[in-house]
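[1] sequence first, predicted model second:
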Amino acid sequence: MRWSRVLRGRIENGTCPLERIDKVVVFGGGSFGTAMAAVLARQKAELHVILLLRDPYTCLSINHDHTNSRYLEGYELPHNLKATTSISEAIAGAQYAVHALPVQQTRTFLESIKDVLPPDVPLISVSKGLELGSGKMMSEIIPAVLGRKHPAVFLSGPSFAREVMDRRPTGIVAAAKDLRLAREAGAKPATISGLSGLGDIMLTCYGSLSRNRAIGVKLGQGVPLEEILKSSKQVAEGVPTAGVVVGLGRRYKVSLPVLTAVAQVLNSSLRADQAVAEIMNLPQIEER
Ligand SMILES: NC(=O)C1=CN([C@@H]2O[C@H](COP(=O)(O)OP(=O)(O)OC[C@H]3O[C@@H](n4cnc5c(N)ncnc54)[C@H](O)[C@@H]3O)[C@@H](O)[C@H]2O)C=CC1
Ligand SMILES: O=C(CO)COP(=O)(O)O
């Protein structure tokens, strides 16, 4: 309430930052990139919001029919939201860039735009997960690939693309996840118990719209991972990230029995029922 009054005051006094923004580019036209672009476009009719995509058909569908039928079926997109497959057209004149690509594709993508993205255009990352191989977070991948201290913000919290489109309430901050592991890695405990920690975990574990949860349910029913992944065209960051988190646990000497079992189910070295049996048979220890 307090912040909404402050913001309203700024808008009335003509000091709202949105007033100074004419163009924002959104990298990635999947479900969340499209939802973020729509939220921005809804804020101001004169704002030019442009989605950078690879698929020319999705581009046509957004520009002519104002829909993204491939990733966000059933929603009419604001008419000031446009799409392009041209990197230079997308970035030209943009004052902010939203990054909404899967984490595993981020390095290759940023390599392809790093010479075109001006060093003073802030990147707002909404991608969640850890990079396979390096174990890096988005906050580490971006400067490493761009080779400079690029201005960047990292958003995370309990938010589903469809609910954002439906204007349902949500809240977002920046964070890490497993409490003990995150503490060892230098995170603040308050971050873990807040929106981007527990808040996001609750949504991903219990929310009926969660793609990660849907994969877990199917694995539990005995469907092989390969078959599950083939049946969906959308990313589930938890699949690669589970193994990376277990690797980080080893690095920081934090034992993660449940996540280790999840990673083993995902890499097919353990069945879900065996994982449950193993977890239930862990020695009883004092809770930490
Ligand atoms: N969907 C959601 O409700 C939320 C998603 N996120 C995060 O946002 C990120 C993106 O997720 P979604 O939009 O849901 O994924 P998605 O699977 O719906 O879409 C991914 C998009 O990235 C594009 N892409 C993949 N590889 C690419 C490459 N090499 N170059 C250019 N484009 C490429 C795909 O074509 C697609 O348009 C993920 O890290 C996800 O965890 C965060 C909050 C909510
Ligand atoms: O990030 C999300 C919830 O906050 C989206 O969850 P899924 O990727 O599991 O659909």
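    Right, received. Where do you want to start? Numbering: from 1, shown residues only. Ligands and ions are numbered 1, 2, ... in the order given.

[2] check contacts around the closest residue to ligand 1 within the chain.
    Closest approach between the chain and ligand 1, counting by CB to the nearest ligand atom: Gly30, at 1.6 Å. From N, CA and C alone the C-beta is placed, and that goes for glycine too. Gly30 sits next to 71, 100-102, 234-235 when contact means CB atoms under 8 Å, 6 or more residues apart in numbering.

[3] skipping adjacent residues, who's closest to Glu89 in space?
    Nearest residue to Glu89, sequence neighbours excluded (CB to CB, 6 or more residues apart in numbering): Ile50, at 7.6 Å.

[4] need the three-state assignment for the one you found.
    Put simply, Ile50 is strand when judged by DSSP: H, G, I helix; E, B strand; the rest coil.

[5] list the beta-bridge partners for it.
    With DSSP bridges as the criterion, Ile50 is bridged to Val25, Lys82.

[6] re earlier: show the backbone phi and psi for the residue of the chain closest to ligand 1.
    Main-chain dihedrals, Gly30, degrees, to the nearest 10: phi -80, psi -160.

[7] per-residue pLDDT of it, please?
    Note for Gly30: predicted pLDDT of 97.

[8] which residues in the stretch 101-250 of the chain form helices?
    In the stretch 101-250 of the chain, the helices defined using DSSP state H, counting those that start in this stretch lie at 103-113, 138-146, 161-165, 179-184, 189-193, 200-206, 211-220, 225-230, 238-251.

[9] what is the neighbour count of the residue nearest to Glu89?
    Ile50: 24 surrounding residues under other CB atoms under 10 Å.

[10] separation between it and Glu278?
    Going from Ile50 to Glu278 by CB to CB, to the nearest Å gives 49 Å.

[11] let me see the domain layout of the protein.
    Using automatic domain parsing, the domain parsing of the chain gives 2-155, 210-280.

[12] can you say which of the ones you listed is nearest to Arg167?
    Closest approach to Arg167 among the domains of the chain (CB to CB): domain 2-155, 8.6 Å.

[13] what's the nearest residue to Thr260 if we skip its chain neighbours?
    Distances taken as CB to CB, 6+ apart put Val246 closest to Thr260, at 5.2 Å, once the chain neighbours are dropped.

[14] please report the number of neighbouring residues for the one you found.
    For Val246, the count of nearby residues is 21 (other CB under 10 Å).

[15] let the chain start at 19 from now.
    Fine by me, first position is 19 from now on; the one you just mentioned is Val264.

[16] and the pLDDT for it?
    Val264 carries a pLDDT value of 94.

[17] let me know whether it touches Leu277 as I believe.
    Yes. Applying CB atoms under 8 Å, one finds Val264 in contact with Leu277, separated by 5.7 Å.

[18] low-confidence stretches in the stretch 169-306 of the chain?
    189, 192-199, 305-306 (pLDDT under 70).

[19] return the residues of it in contact with ligand 1.
    Within reach of ligand 1 by CB under 6 Å from any ligand atom, the stretch 169-306 of the chain has these residues: 177-179, 252-253, 255.

[20] any idea how far Glu202 is from the closest residue to Ile131 other than its chain neighbours?
    Nearest non-adjacent residue to Ile131, counting by CB to CB, 6+ apart: Ile105, 5.6 Å away. Here the criterion is CB to CB. By it, Ile105 lies 39 Å from Glu202.

[21] can you give me the neighbour number for the residue in the stretch 19-168 of the chain that ligand 2 sits nearest to?
    Nearest to ligand 2, among the residues of the stretch 19-168 of the chain, is Lys146, at 5.7 Å (CB to the nearest ligand atom). Around Lys146 sit 24 other residues, with neighbours defined as other CB under 10 Å.

[22] quick check: residues of the stretch 19-168 of the chain near ligand 1?
    Within the stretch 19-168 of the chain, the positions lying close to ligand 1 (CB under 6 Å from any ligand atom) are 46-51, 72, 89, 118-121, 123, 126-127, 144-147.
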